[in-house]
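**Q** Pasting a predicted model and its sequence here:
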Amino acid sequence: METPELTHRQAQLLGYIVKEHIRTAAPVASRLLVDYYNLDVSPATVRNEMARLEELGYLSQPHTSAGRVPTETGFRYFVERLMEEQTLPLAEQRRIAHQFYQARDHVDEWLPLAASVLASATRSAALVTPPLAVTASFRHIELLSTHGRAVLLVLVLEGGAVRQQALVLPEYLPQNTLSDIADRLNQLFSGLNAGAIHHRLAELASLERDFAQLVLGLMVEAKELPSEAVYRHGLSQLLQEPEFAEGEERSQGLIQVLEEQNLLQAVIADALSPALGIGGMRILIGGEGRWDSLRACSVILTRYGVANYATGALGVVGPVRMAYGRAISVLRFVSDVLSELTYATFSPGERDLTAPHFPGDFEEQV
């Protein structure tokens, strides 16, 4: 359904109302708009325009004597047509870049740090997923004899991901035999994805094929995002916002969004769609009729990483009256930093970096 076109005055008033509601979390009255924005029209004229915006579905009136608040349609119109592009202040860029620069050699610290930075900078709840290979590719396998017939299979994928599986063989195999099998698989499978490996199974001896089948199983699992791999931060501070502090149903819906794995995975899948592109923004306002638990929330998601190689998602969850411009500018900057880190650490290309090239060359100024 197409949204009705607005006159210049109606669009201007809608923009003011959205900004004031974001700032105050309260209904916006006509007198406030006239006084605060020095409008050259009377409050009666503004009330008439607000009534028209309500008829068109952009505003609602919680109480007869109250002002108006934007609807989901009103927020969507604001985000798509009225919101001004914001750039994160330079001092804040430097501070965030410095934090990541200090953690550049510790991959396990990037994602918790990103979630913490996003939550703090946007006063929202944040979520971040690790960069996953678009297609898992084989790099190296080791078969280690541990005790008797017990063997540890260690699979290393392109991009650095490691998968392990403990096995108990039907009969004992010495380490030199296991090493020979591993060398054979490394020689045949280096750089191949699961499909290509499957086509080469006929070249293997029976025992080699058994280990290759285990490798294929691990590679398929590697393409799936484990539920515990989503880093979250900031839920407690978000629950203090008026929308959630005053309504148990809304707060329970928010908690469900962040804690229910199936729902969270479905929401994140939107951001991980290749069609979005690295750095593109996906903005969900009030669930958009798809997720009932998101009725009181807005979610902004973006992708980071190396296109066609390894990508992850990051996003913020907040009330529908979220400060969208601010949140988008923070997300875009953190996405750029994580993309640089991912490129420098995991990319198979020829670029040789001893330190990530953070936006603005901040590593040279910290």
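**A** Structure's in. What do you need?
**Q** Helices along the chain, start to end?
**A** 8-24, 30-36, 43-55, 72-77, 90-102, 107-122, 175-189, 194-199, 206-222, 235-238, 242-245, 248-259, 261-272, 324-346 (DSSP state H).
**Q** what's the spacing between the fourth one and its chain's center?
**A** Averaging C-alpha coordinates over helix 72-77 and over its chain gives two centres that are 22 Å apart (Cα atoms, centre = their mean, to the nearest Å).
**Q** So what touches it?
**A** 3, 6, 11, 14, 17-18, 53, 57-59, 285-286, 288, 298, 320-321, 324 (Cβ atoms under 8 Å, 6 or more residues apart in numbering). Every residue, glycine included, has its C-beta placed from N, CA and C.
**Q** ok so, going back, any idea which of the helices of the chain gets closest to Leu157?
**A** helix 206-222 (5.9 Å; Cβ to Cβ).
**Q** so what does the closest one touch, helix or strand wise?
**A** strand 138-147, strand 150-157, strand 162-168, helix 175-189, helix 194-199 (3 or more Cβ pairs under 8 Å, 6 or more residues apart in numbering; DSSP states H and E).
**Q** Give the other helices and strands that the last one contacts.
**A** Identification of packing neighbours for helix 194-199 by 3+ Cβ pairs under 8 Å, 6+ apart yields helix 206-222.
**Q** do the fourth one as well
**A** Using 3+ Cβ pairs under 8 Å, 6+ apart as the contact criterion, the elements in contact with helix 175-189 are strand 138-147, helix 206-222.
**Q** remind me which residues of the stretch 101-250 of the chain are low pLDDT?
**A** For the stretch 101-250 of the chain, applying pLDDT under 70 flags the ranges 133-135, 159-160, 222-228, 245-250.
**Q** ok, Leu254 - contacts?
**A** So Leu254 contacts Ala125, Leu235, Leu238, Leu239, Phe244, Ser293, Ala296, Cys297, Val317 (Cβ under 8 Å, 6+ apart).
**Q** Mind giving me the PyMOL select for the residues you listed, buried ones only?
**A** With 16 or more other Cβ atoms under 10 Å as the criterion, this PyMOL line picks the buried residues out of these:
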select buried, resi 125+235+238+244+293+296+297+317
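**Q** In TSV, list the contacts of Leu254 along with distance to Ala29.
**A** Below are these laid out as TSV (distance: Cβ to Cβ, whole Å):
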residue	distance to Ala29
Ala125	31
Leu235	33
Leu238	27
Leu239	28
Phe244	24
Ser293	32
Ala296	23
Cys297	26
Val317	29
